[in-house]
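In: Pasted the sequence and its predicted model underneath.
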Amino acid sequence: MQQVQFEQAIVSILGRDKRFDPHAFFFLKDSLDYTLKRVADGKGGVSRHVSGGELLEGFRDLALEQFGPMASTLMIEWGIRECSDVGEMVFLLIEEQMFGKQDSDTKEDFHGNFDLNEALTQPFLPKRFLKSDESEPAKRRVKR
C-alpha cells in the first residue's frame with residue numbers, strides 16, 4: 001500500500017468520521033505490519049491473514065515498545081480507549097480498501113479481548129499495585 005493512497009484514505013475517513021486522530025490510523029498500519037512480520041517470523045517466513053485478536057496483541061505490544069509508559073495517554077489522546085476502537089478503525093480502513101477482510105472478520109473480533117488501558121499501564125506500575133499481589137495479606141504487602 002502506497003503512502004499517498006493511505007494518506008488520501010485517512011483524509012476521506014476524517015471527512016465523515018472524526019473520532020480518531022490521524023496518527024492513530026498510521027499507528028494502526030504500523031501495528032498491522034508489525035503483527036504480520038511477527039506471524040511470518042513464527043511460521044518460517046510465511047505470511048497469512050491475521051485475526052482481530054492477533055492484531056490487537058500486536059497493537060498493544062508495539063504501543064508498549066514505541067511509547068512505553070506514555071502509551072495509554074497517547075492512545076486516549078488519539079481517541080482509542082478500548083479494543084473495540086481499534087476494530088472501528090480497522091473497518092474504516094477496510095471501507096477505504098486499505099485493509100483486506102475475510103468473510104469471517106467482524107467488528108466483534110475486537111470486543112472484550114482485554115482491557116486496553118490496563119494492558120498499556122500495568123507493565124509500568126510498581127509491583128505492589130499489580131492485581132496478582134491482591135491475594136497476599138495486606139500486612140505482607142506493606143514494606144517498611
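Out: Received, thanks.
In: ok, now how distant is the nearest residue to Ser51 once chain neighbours are set aside from Leu116?
Out: The shortest distance from Ser51 to any non-neighbouring residue, by Cβ to Cβ, 6 or more residues apart in numbering, is to Asp109 (6.4 Å). Every residue, glycine included, has its C-beta placed from N, CA and C. Distance of Asp109 to Leu116, computed by Cβ to Cβ, to the nearest Å: 15 Å.
In: higher neighbour count, the two?
Out: Per other Cβ atoms under 10 Å, whichever of Asp109 and Leu116 has more neighbours is Leu116, with 23 against 19.
In: quick one: contacts for the more buried one?
Out: For Leu116, the contacting residues are 60, 72, 75, 80-83, 85-86, by Cβ atoms under 8 Å, 6 or more residues apart in numbering.
In: and if we set it to 10 Å?
Out: The contact partners of Leu116, by Cβ atoms under 10 Å, 6 or more residues apart in numbering, come to 56, 59-60, 63, 71-72, 75-76, 80-86.
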